[in-house]
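> What follows is a protein structure lacking sequence information:
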């Protein structure tokens, strides 16, 4: 999976198409990523104590990694991810601007 934590991504498919956000967490086994402010669903929470009320909570859910693309740091557009070698180290690069990603 080429998308990592703290990457800035844009959603390219689904109900949140066009939204940009930062990857909070990556789930490589499921090929899913959790993005701030994207794929928000409402969940009902039961009262846990006698003095607490039940409530409806808005919660972000993971989205499949095939529905997001990396945002190019220079151009602020979506781009694919490539790999290059700097000396003996393999690094990720943005394909459009050829900038090295952290």
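Sure thing, it's come through. From a predicted model like this one, the values you see are computed outputs, not experimental measurements.

> For the longest strand anywhere in the chain, the averaged confidence score.
Of all the elements of type strand in the chain, the one with the most residues (DSSP state E) is strand 20-27. Strand 20-27 shows a mean pLDDT of 97.

> For this protein, just list every one of the strands.
All strands of the chain, identified by DSSP E, fall at 8-11, 20-27, 32-35, 40-45, 55-60, 63-64, 68-71, 78-79, 81-86, 89-94.

> picking up where we left off before, pull the distance from the longest strand of the chain to the chain's centre.
Distance of strand 20-27 from the chain centroid (C-alpha atoms, centre = their mean, to the nearest Å) equals 3 Å.

> Give the partner strands of it in its sheet and their orientations.
strand 8-11 (antiparallel), strand 32-35 (antiparallel) (DSSP bridges).

> Can you tell me the closest non-neighbouring residue to residue 59?
residue 43 (5.2 Å; C-beta to C-beta, 6 or more residues apart in numbering). (C-beta placed from N, C-alpha, C; glycine too.)

> Then residue 62?
For residue 62, ignoring the flanking residues on the chain, the nearest one in space by C-beta to C-beta, 6+ apart is residue 32 at 3.8 Å.

> ok, that neighbour - how many residues close by?
A count of nearby residues for residue 32, using other C-beta atoms under 10 Å, gives 20.

> wouldn't it be in contact with residue 65 here?
Yes: if you go by C-beta atoms under 8 Å, residue 32 and residue 65 touch, sitting 6.3 Å apart.

> shared neighbours of these two, anything?
Common neighbours of residue 32 and residue 65, using C-beta atoms under 8 Å, 6 or more residues apart in numbering, do not exist here.

> List the residues that contact the residue nearest to residue 62.
26, 62, 63, 64, 65.
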